[in-house]
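K.L.:
The sequence and its predicted three-dimensional model are supplied below.
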Amino acid sequence: MSLIRANSVLPGRREALRLQTADGLSLVGEVALPALRAPVATLICLHPLPTHGGMMDSHIYRKAAWRLPELAGIAVLRYNSRGTESIQGRSEGEFGGGVGERFDVAAAIEYAEFAELPNVWLVGWSFGTDLVLRYGLEEIVQGAFLLSPPLRTSTEQDLQNWADSGKPLTVLVPEFDDYLRPAEALQRFAGVPQAEVIGVDGARHLWVGYAERILDEIVQRVAPEIRTPLPERFDGPMQTGDASAYADRTVAAYENRSEG
């Protein structure tokens with residue numbers, strides 16, 4: 001059995017796609033599906049701030065797409081929001097500061113519905129968490145995960161809407177986050193009874209070194225029949241992917257810590 005490394009790509013059906021938004025833009029995306037079976041659940045990934053290097057290839061989302069279809073039977077849909085570029089390509093349009101991006105979120109959810117992907121969950125990271133809270137309460141969405149939520153543009157009404165929905169909300173907060181730490185997060189999400197706030201000791205905003213922990217937390221909730229922690233080794237074919245698409249851009253940009 002071979003060790004699963006940061007750039008290991010496990011078997012799966014990975015299909016490049018173009019999401020069409022209601023305001024006329026074409027977004028670069030990919031859906032990763034299990035190779036030989038139907039998925040048991042679906043993750044739609046909303047990436048960190050693109051002006052600080054966030055993209056569909058940010059490391060947690062890249063690893064989710066490379067591992068979860070095979071290890072957990074989970075489909076992973078990720079995309080570059082408007083104006084965002086990665087090794088997958090550049091989406092049309094320009095960064096909208098979280099306003100125009102509502103159409104991007106809607107396009108991803110609509111694709112999942114049209115493709116009849118099952119058991120749809122949203123995963124937001126940093127900037128993406130505000131998009132989840134503001135625009136993610138669609139009927140087919142079962143619940144959501146928030147990674148390093150800065151709560152920069154989400155309002156109390158957005159939180160109340162989630163509270164009223166009763167849909168599960170798992171909030172993963174790094175101990176040393178630059179914007180919102182666990183104690184404050186507990187206070188900010190206190191009005192959402194079903195929100196599960198989890199402080200992660202030692203972690204920072206970008207979750208470097210903690211991707212496996214994040215993936216385990218997600219799998220436990222969307223596919224509880226899968227045993228976690230997920231295996232560290234794999235007895236089967238693995239390819240090697242590009243593992244440089246994240247650290248060289250996002251980590252450097254976030255060193256300035258001017259935005260979340």
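P.N.:
Yes, it's here. Numbering: from 1, shown residues only.

K.L.:
can you tell me the helix or strand for Glu139?
P.N.:
Per DSSP states H and E: Glu139 is located in neither a helix nor a strand.

K.L.:
That one and Glu232: what is the separation?
P.N.:
Distance, Glu139 to Glu232, by C-beta to C-beta, to the nearest Å: 37 Å. All C-beta spots, glycine's among them, are computed from the backbone N, C-alpha and C.

K.L.:
Surely Pro168 and Gln194 touch.
P.N.:
Yes - with contacts counted by C-beta atoms under 8 Å, Pro168 reaches Gln194, the gap being 5.7 Å.

K.L.:
Confirm for me that Trp207 is in contact with Ser148.
P.N.:
Yes - shown here, Trp207 and Ser148 form a contact pair, counting by C-beta under 8 Å, at 7.1 Å.

K.L.:
of these two, who's got more company?
P.N.:
For Trp207 versus Ser148, neighbours defined as other C-beta atoms under 10 Å are more numerous around Ser148 (27 against 21).

K.L.:
neighbour count winner among Glu139 and Glu232?
P.N.:
Applying other C-beta under 10 Å to Glu139 and Glu232 shows that Glu232 carries more neighbours, namely 10 against 7.

K.L.:
What sits closest to the more buried one if chain neighbours are left out?
P.N.:
Spatial nearest neighbour of Glu232, chain neighbours left out: Ile4 (5.8 Å); criterion: C-beta to C-beta, 6 or more residues apart in numbering.

K.L.:
just Ser8 next, same as before
P.N.:
Per C-beta to C-beta, 6+ apart, closest to Ser8 is Met238, 4.9 Å.

K.L.:
Please tell me how far that neighbour sits from Met56.
P.N.:
Distance of Met238 to Met56, computed by C-beta to C-beta: 21 Å.

K.L.:
more crowded one of these two?
P.N.:
Shown here are Met238 and Met56; by other C-beta under 10 Å, Met56 has more neighbours (28 against 18).

K.L.:
Quick check: bridge partners of the residue nearest to the more buried one when sequence neighbours are not counted?
P.N.:
Spatial nearest neighbour of Met56, chain neighbours left out: Arg78 (4.1 Å); criterion: C-beta to C-beta, 6+ apart. Note on Arg78: beta-bridge partners Glu30, Cys45, judged by DSSP bridges.

K.L.:
In which helix or strand does Ala35 reside?
P.N.:
Applying DSSP H and E, one finds Ala35 in no helix or strand.

K.L.:
Hmm, Ala75 and it touching each other?
P.N.:
No - assessed by C-beta under 8 Å, Ala35 is found out of contact with Ala75, at 11.7 Å.

K.L.:
Common neighbours of these two, please.
P.N.:
Listed contacts common to Ala35 and Ala75 are Pro69; contacts here mean C-beta atoms under 8 Å, 6 or more residues apart in numbering.

K.L.:
between these two, who's got more neighbours?
P.N.:
Ala75 (26 against 13).
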